[in-house]
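**Student:** Next input, structure requested:
(4 chains)
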Number of protein chains: 2
Amino acid sequence: MTIKDVAKAANVSVATVSRVINRLGNVDPETERRVVETIKRLNYFPNHSAKSLRTSSSNGIGIVISHDLDYFISFPYFVEFIHGMSGVLSDLDYHLVISTEKKGNSNSYLEIAAKGLVDGLILFDVMDGDERIFALRKFGIPFVVIGRPNNVGIYEYVDTDNEKGGFIATDHLFEVGCKRILFINGPKGHAATRYRLAGYIRAHKERGIEYDEDLVKYVEKNSDRENGYLLTKEALKNLSFDGIFVSGDFMATGAMVAIEEAGLKVGRDVPIVGFDDVPLSAMVNPSLTTVRQPINEVGKNAAMILIDMLNGKQVESKVLDVFLVKRNSTFRE
Amino acid sequence: MTIKDVAKAANVSVATVSRVINRLGNVDPETERRVVETIKRLNYFPNHSAKSLRTSSSNGIGIVISHDLDYFISFPYFVEFIHGMSGVLSDLDYHLVISTEKKGNSNSYLEIAAKGLVDGLILFDVMDGDERIFALRKFGIPFVVIGRPNNVGIYEYVDTDNEKGGFIATDHLFEVGCKRILFINGPKGHAATRYRLAGYIRAHKERGIEYDEDLVKYVEKNSDRENGYLLTKEALKNLSFDGIFVSGDFMATGAMVAIEEAGLKVGRDVPIVGFDDVPLSAMVNPSLTTVRQPINEVGKNAAMILIDMLNGKQVESKVLDVFLVKRNSTFRE
DNA sequence: CCTCTTTATGTAATCGATTACATTATAATC
DNA sequence: GATTATAATGTAATCGATTACATAAAGAGG
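**Tutor:** Residues are numbered from 1 along each chain as shown, chains lettered A, B, ... in the order given. Alright, predicted model coming up:
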């Protein structure tokens, strides 16, 4: 079933069929009606490869996922992110292509773009100093980064306001009476880690409280429950603190366990604020006060910006607002 | 950068370049060396559309997601499922295409296959009586279904052993001393719902306990926390039971809340078993005994079976084993 | 050294769309 | 009614790969 079959069946040329499909005008209404009817009757769908080859645009946008299970699974909002993108994509007739990083070959992202499988890429796991950004620029492949790794300025990005997030989390802990706040931060080398620390420090400054860098801990690799537990356990041994800001809700639940094992009560004795607001956070006991990021919007904006770029429009990077979700882990009674 | 450029630069014809790329043999080793070197030097990647057009195969396999946020987000193992597929796909040089159901147009799944964007489909949200299966068969599009909706036999599937899951969950509750087990099941019309009920009934039979169908409740639509809470609340009013089997961990956490609000203790007074083993389940308090399904394997097998089908191999549907993860929600002390 | 395979390579048709350009029919202008 | 602009349609080149077929070169067998 090709455009030729349709043309023959509708008694017109392929050019006319193409004009109808692509709404290019200059087609007699009666002819158009006949063509539309024929297309429907024959269940014809234009071949994607042929169109893509001819127009050199695939209408696909790509993401590459790491095959590292731990990392991938622990990415706490993958589903919501995909969902945010997918609405935009479907409205604009784009589709999403997911490729997996092959073992020992770290340029799938380049490959899928270079071979024309996708028109642009969204990168959501970029660390400071990631050389992919330079490679993509060199190849002239349009891409949008989720987050703000260093070298901001040579790429477009969509990020949430992690500095503000760090600030409001810390400030809220001061507000409920904390004096010394342990900060269990994400891994070094992540932009979010830097920004959240900046917010944590600003919250100290604005209250005229001295900032003690011994109170800031960094997780080695995965921001999971286990590491939250271990870092808190460790801190309980040799530090004095009366509140915790944890950069990730999974880690925060680990911290909660460590606190309770120490015979303390989360909230009354040690208020805890997390980050991410994953579904879990509302369900743990006590429920977790946390910083919510509009992940859905991040996906949406990233897709929109990328598609605008593909259409040659001028685009602007975006930083989306975050806000505090107050729950029981910072409730004193 | 096309195959012609490579041919010119390596001083051979396009046919020879193609032979090298596709390892078709009959190429002088020295020539091959030169071509390979040239390809690398020029950073050439064969155009995907051209290849796809000529060979009429896209090496893409597709899934279509619903734009209904609630449903999509509550699908508890999307990430793990994708991850399972992606390993296989990447090894065999396939990629995943995700398309979103357009509002008011429920045949994106047909469209992406008919236009040659993908070679086959994986459907993971098929309910009993879903007419898509017939449409796909009619069009001769290869596809694999996750789960076992009715009309088994006219399609290939990968499922987990939900009957066994229902059985071991129920049997475990009997084992810890329950006499009357409330069963909060998934929505009617889902195959998993039927199979789990069958397991629940068999567990009664094998212990010679009478099965009371009043104790079986069905959620209307989404198996989320809210509905688990409401159904349990309702059941507490007019039913007597001393244990609960909940067909979904999110719902189970809702049930836990309802039980505790009634002044009962989950575990000691009312043991609860869930289903799915989402990350959450280990973290709630008390931690949730649940039935674990090998979702990763489901994704892996589905991808393998589909690709075998595409290669004309004989394939067989699969039912994967499930097992019980014992935690504190069924611990009496 | 001639014929016959086998190996290595090249030429050109092909996949199914889009689209520049050509052509014809129709309407508008004076 | 002749001239010109506009609308409707068609023809054929093109995108970049694969591959059937043709051909040339090299090796085998007598």
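
**Student:** Counting neighbours, which bits of stretch A:298-309 end up buried?
**Tutor:** By 16 or more other C-beta atoms under 10 Å in any protein chain shown, the buried positions in stretch A:298-309 come out as A:298-309. Heads up, the C-betas are built off the backbone N, CA and C, glycines and all.

**Student:** Then stretch A:242-261?
**Tutor:** Residues of stretch A:242-261 classed as buried by neighbour count (16+ other C-beta under 10 Å): A:243-259.

**Student:** mind exporting that stretch as PDB, just the C-alpha atoms?
**Tutor:** The C-alpha trace of stretch A:242-261 is given here as PDB (Å, rounded to 0.1, in the frame of the first residue of the first chain):
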ATOM      1  CA  ASP A 242      19.100  18.600  65.400                       C
ATOM      2  CA  GLY A 243      17.600  18.500  61.900                       C
ATOM      3  CA  ILE A 244      18.400  16.900  58.500                       C
ATOM      4  CA  PHE A 245      18.100  18.100  55.000                       C
ATOM      5  CA  VAL A 246      18.400  15.100  52.700                       C
ATOM      6  CA  SER A 247      18.900  15.600  48.900                       C
ATOM      7  CA  GLY A 248      16.600  12.800  47.800                       C
ATOM      8  CA  ASP A 249      13.500  11.100  49.300                       C
ATOM      9  CA  PHE A 250      14.800   7.600  49.000                       C
ATOM     10  CA  MET A 251      17.800   8.600  51.000                       C
ATOM     11  CA  ALA A 252      15.600  10.500  53.400                       C
ATOM     12  CA  THR A 253      13.700   7.300  54.300                       C
ATOM     13  CA  GLY A 254      17.000   5.700  55.100                       C
ATOM     14  CA  ALA A 255      17.800   8.600  57.300                       C
ATOM     15  CA  MET A 256      14.500   8.200  59.100                       C
ATOM     16  CA  VAL A 257      15.200   4.600  59.900                       C
ATOM     17  CA  ALA A 258      18.700   5.500  61.300                       C
ATOM     18  CA  ILE A 259      17.200   8.300  63.500                       C
ATOM     19  CA  GLU A 260      14.600   6.000  64.900                       C
ATOM     20  CA  GLU A 261      17.000   3.200  65.500                       C
END
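
**Student:** so does it get close to chain B?
**Tutor:** Yes. Interface with chain B: stretch A:242-261 contributes A:250, A:253 (C-beta under 8 Å from any C-beta of the partner chain).

**Student:** average pLDDT across that stretch?
**Tutor:** Mean pLDDT, stretch A:242-261: 95.

**Student:** ditto for stretch A:141-150
**Tutor:** Stretch A:141-150 comes out at a mean pLDDT of 96.

**Student:** Mind giving me the packing neighbours of the helix or strand hosting A:Tyr200?
**Tutor:** Using DSSP states H and E, A:Tyr200 sits within helix A:191-206. Using 3 or more C-beta pairs under 8 Å, 6 or more residues apart in numbering or on different chains; DSSP states H and E, the elements in contact with helix A:191-206 are helix A:162-175, strand A:181-185, strand A:216-218.

**Student:** I'd like to know which of the ones you listed lies nearest to chain B.
**Tutor:** Closest to chain B of those, according to C-beta to the nearest C-beta: strand A:181-185, at 16.5 Å.

**Student:** Report the mean confidence score over the closest one.
**Tutor:** Strand A:181-185 comes out at a mean pLDDT of 98.

**Student:** quick one: which of the buried residues of stretch A:298-309 is nearest DNA strand D?
**Tutor:** A:Met309 (20.9 Å; C-beta to the nearest atom of the strand).

**Student:** Which helix or which strand is home to that closest one?
**Tutor:** With DSSP H and E as the test, A:Met309 turns up in helix A:295-310.

**Student:** Pull up the pairing partners for the helix or strand following that helix, direction included.
**Tutor:** Remark: after helix A:295-310, the chain's next helix or strand is strand A:318-320, criterion DSSP H and E. Strand A:318-320 pairs in its sheet with strand A:156-160 (parallel), by DSSP bridges.

**Student:** Give me the angle between the partner strand and helix A:191-206.
**Tutor:** Using axes from the mean of the first three to the mean of the last three C-alpha atoms, to 10 degrees, the inter-axis angle of strand A:156-160 relative to helix A:191-206 is 50 degrees.

**Student:** residue ranges of the strands in chain A, please?
**Tutor:** A:60-65, A:95-100, A:120-123, A:143-146, A:156-160, A:181-185, A:216-218, A:243-246, A:272-276, A:289-292, A:318-320, A:323-325 (DSSP state E).

**Student:** List the contacts of the third one.
**Tutor:** Strand A:120-123 is contacted by residues A:61-64, A:85, A:109, A:112-113, A:132-133, A:136, A:141-146, A:302-303, A:306-307, A:309-310 when judged by C-beta atoms under 8 Å, 6 or more residues apart in numbering or on different chains.

**Student:** Off-centre distance for that strand?
**Tutor:** Centroid separation between strand A:120-123 and its chain, computed with C-alpha atoms, centre = their mean, to the nearest Å, is 11 Å.
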